[in-house]
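Student: Mind folding the following:
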Amino acid sequence: MNTTIRIKLSLMMFLQFFIKGSWFVTVGTFLIKNLQASGTQVGLTFMAQSIGAILPPFLIGLLADRYIAAQRLLCILHIIGGILLWCAGSTDVFGNFYIIILLYMMVYMPTMALINTISFRQMNNPDKEFPPIRVFGTLGWVVAGLIIGYTAWEQSGQLPNTFKMAALASGGMAVMTFFLPATPPLKRGGQVSLGDTLGLDALRLLKDRSYLVFFLASIALCIPLAFYYSFTNPFFNEIGVKSAAGIQAMGQVSELLFMLLMPFFFVRLGVKYMLGLGMLGWAIRYALFRLGYLSGSEWPLIAGILIHGICFDFFFVTGQIYTNNKAGDQFKNAAQGLITLATYGVGMMLGSVLAGFIVDANVTEDGFHHWETIWMVPSLIAGLVLVLFLFLFKTQKTTNLPTKS
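Tutor: Reported below is the predicted structural model:
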């Protein structure tokens, strides 16, 4: 790949995840402390991400496949997103905040598929070329967390600043899109079927048994995933962990390392066991959180954060590459929208509802929580998903992932 293009794609990844990392990690704490929200309301807020991931990515994927260059769509969505983020940081009423975040997620979530499409279009061998570029997204998330930790916005009640920082970065991303490689639609002209119009081409992937198992496992694994994103930061702050957002950023440092090692693991493990290790990581992570809470020790909490590279890279990044290679050139955008729908859409929606319910059901009389019970639930779910996946998913151990469904 051309060095200039590699740098541009890397900067795109950095900004994309810096934006989300600027506010997403601490939003649970912001809601509880600044807006006096309940666990259910925190869950509803994270469910807004799921709503934004269900329909918009399919529609935006359709536009990118047929009508509008992907980088132009990315620009438009980030301009709108920046305005909404600034408004989110300026409200102190939960109802208003929720509406703004819901609208924001409907424009942000499609950009997750677009950045993958822009990247994959420039690559001949995504298995090896994608991880070193995607790693800069993780770096962006780390930098955002370190800024929040350094400024002590969590402790000083200044978390509204996180949204404004994200809004400025979103504006910067919109400018950056003018320098990205042109990624025009692949399908122009000709007769358009109803399936094309609705962006349903990607559903053909589900005819393949292994991909169907992966798709369903992605939905199921995102149920425990929702517990992490919704309540890790409130959990750390409640039990007195200092600079919680900064410590959580250590997880992205782990993600950086494992992202760089992914080509090495692809060769030796193949898709099935890469995905399986990712699932195992989530089960172990929550067991470590539970152990840390019960023992009063901080090392299990830090260990649970440090295995984030295995949890995220081995399952979600591997899944994106697997989906890209399965789809082929005909409907890559719609395919990325499909996996976004499965993970951040359906799975996270179910998980956000369950997590909010479990947290509210384990509130103590003095306003604290029975975290040992809360963390046991996602650990058991992740373990069950792992067992079923290993039994049902059939594929050869190879780095040459199939290109057709």
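Student: Give me the below-cutoff pLDDT ranges for this protein.
Tutor: Scanning the chain for pLDDT under 70 picks out the ranges 55, 57-58, 61-62, 65, 186-201, 328-334, 337, 395-405.
Student: tell me which residues of the helix or strand harbouring residue 119 are tucked away?
Tutor: Assigned by DSSP states H and E, residue 119 belongs to helix 94-121. Across helix 94-121, burial judged by 16 or more other CB atoms under 10 Å covers 94, 97-121. Backbone N, C-alpha and C define where each C-beta goes, glycine included.
Student: tilt between the helix or strand following it and helix 94-121?
Tutor: Counting by DSSP H and E, the next helix or strand C-terminal to helix 94-121 is helix 126-151. Between the axes of helix 126-151 and helix 94-121, defined by axes from the mean of the first three to the mean of the last three CA atoms, to 10 degrees, the angle is 150 degrees.
Student: So which bits of whichever helix or strand comes after helix 126-151 are buried?
Tutor: Following helix 126-151 in sequence order, the next helix or strand is helix 153-156 (DSSP H and E). When burial is assessed from 16+ other CB under 10 Å, helix 153-156 yields the following buried residues: 153, 154.
Student: Could you identify the helix or strand that succeeds helix 153-156?
Tutor: Downstream of helix 153-156 (by DSSP H and E), the next one is helix 160-176.
Student: Tell me which other helices or strands that next one touches.
Tutor: helix 3-23, helix 27-34, helix 70-88, helix 126-151 (3 or more CB pairs under 8 Å, 6 or more residues apart in numbering; DSSP states H and E).
Student: Can you say which of those helices is nearest to residue 248?
Tutor: Proximity to residue 248 (CB to CB) singles out helix 126-151 among the helices and strands packed on helix 160-176, at 5.9 Å.
Student: hey, which helix is longest across this structure?
Tutor: Longest helix of the chain, by residue count under DSSP state H: helix 244-295.
Student: Mean neighbour count and distance to residue 250 for the helices and strands packed on helix 160-176 - can I get that in JSON lines?
Tutor: As requested, the helices and strands packed on helix 160-176 are arranged in JSON lines below (neighbours: other CB atoms under 10 Å; distance: least, CB to CB, whole Å):
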{"stretch": "helix 3-23", "mean neighbour count": "21", "distance to residue 250": "13"}
{"stretch": "helix 27-34", "mean neighbour count": "22", "distance to residue 250": "17"}
{"stretch": "helix 70-88", "mean neighbour count": "21", "distance to residue 250": "25"}
{"stretch": "helix 126-151", "mean neighbour count": "22", "distance to residue 250": "8"}
